[in-house]
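Asks: below: sequence and its predicted model.
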Amino acid sequence: MKAIIISGNLAQDHEFIYPYYRLLEEGIEVDVCMLEGKPVKGFLGTTLPPNKDQKVKNINQVKTKDYNILVLPGGVKAMEKVRQEKKIIKFISDFNKEKKVIACICSGAQLLISAKVVKNRNIAGYYSMKDDLINAGANYTDMPAVVDKNIVTTAHYKDMGPWMREVIKKIK
């Protein structure tokens, strides 16, 4: 079992760190892919990834076939830049086509919108993205953990526990 977290500079620190360590706790190998291809600073100043020994990849170094789980942390400043990288958006779209588990929190929903994977799906995202999700065809819902087939979402870091509990259930 192998996971990949995709994000970028100014990601929401705890939305990256919690799933990172939660997956490791389950014995799942975790790769990190940053838009910048190197460690970055989170919005609150934490170095991401938090483990200094963790190698950081760029999108040209990863393939969907190598992963079972994709984690998309939030951080609106990060997502505004990450969603402009067409290769990352294609990776997310392909991951969804392969029906692999996508765990997305908060403003990470912007990436799901750009990847065009939300239409007719129950999706949670940060409250300010409600209209964007609805306009993209999603059924916006604000529950602690929203599961729709292979996509597990939550709107806010206050619900990271229920969200990751559902992600772990999906992969067991």
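Replies: Structure received.
Asks: in this structure, which spans are helices?
Replies: 13-25, 76-82, 86-97, 109-114, 130-135, 160-171 (DSSP state H).
Asks: tell me which of the ones you listed is the most buried.
Replies: helix 109-114 (a mean of 25; mean count of other Cβ atoms under 10 Å). C-beta coordinates here come from the backbone N, C-alpha and C atoms, glycine included.
Asks: centre-most residue in the protein?
Replies: Leu72 (0.9 Å; Cα atoms, centre = their mean).
Asks: output the helices of the chain in CSV; the columns should cover mean pLDDT and distance to Lys65.
Replies: Output for the helices of the chain, formatted as CSV (pLDDT from 0 to 100; distance: least, Cβ to Cβ, whole Å):
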stretch, mean pLDDT, distance to Lys65
helix 13-25, 98, 19
helix 76-82, 95, 22
helix 86-97, 98, 9
helix 109-114, 98, 20
helix 130-135, 98, 29
helix 160-171, 97, 16
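Asks: reformat the ones you listed as a markdown table; add distance to Pro144.
Replies: Listed next are the helices of the chain as a markdown table, based on distance: least, Cβ to Cβ, whole Å:
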| stretch | distance to Pro144 |
| --- | --- |
| helix 13-25 | 14 |
| helix 76-82 | 20 |
| helix 86-97 | 22 |
| helix 109-114 | 15 |
| helix 130-135 | 16 |
| helix 160-171 | 4 |
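Asks: about what we covered before: wait, the residue nearest to the centre of the chain touches Gly108, no?
Replies: Yes. With contact defined as Cβ atoms under 8 Å, Leu72 reaches Gly108; the gap is 3.6 Å.
Asks: ok, back up a step: what's near enough to touch the residue nearest to the centre of the chain?
Replies: 5-7, 92, 102-105, 108, 111-112 (Cβ atoms under 8 Å, 6 or more residues apart in numbering).
Asks: quick one, what contacts the residue of the chain most remote from its centre?
Replies: The C-alpha centroid of the chain is most remote from Asp53, which lies 21.4 Å away (Cα atoms, centre = their mean). Shown in contact with Asp53 (Cβ under 8 Å, 6+ apart): no residues.
Asks: distance check, it against Val32.
Replies: Distance of Asp53 to Val32, computed by Cβ to Cβ, to the nearest Å: 11 Å.
Asks: for Ile123, same thing?
Replies: Ile123 is 24 Å from Val32, by Cβ to Cβ.
Asks: which of these two has more neighbours?
Replies: Ranked by neighbour count (other Cβ atoms under 10 Å), Ile123 and Val32 place Ile123 first, with 26 against 23.
Asks: model confidence score at that one, please.
Replies: Note on Ile123: pLDDT of 98.
Asks: not counting its neighbours along the chain, what's nearest it?
Replies: Of all residues not flanking Ile123 in the chain, Ala138 sits nearest, at 4.2 Å (Cβ to Cβ, 6 or more residues apart in numbering).
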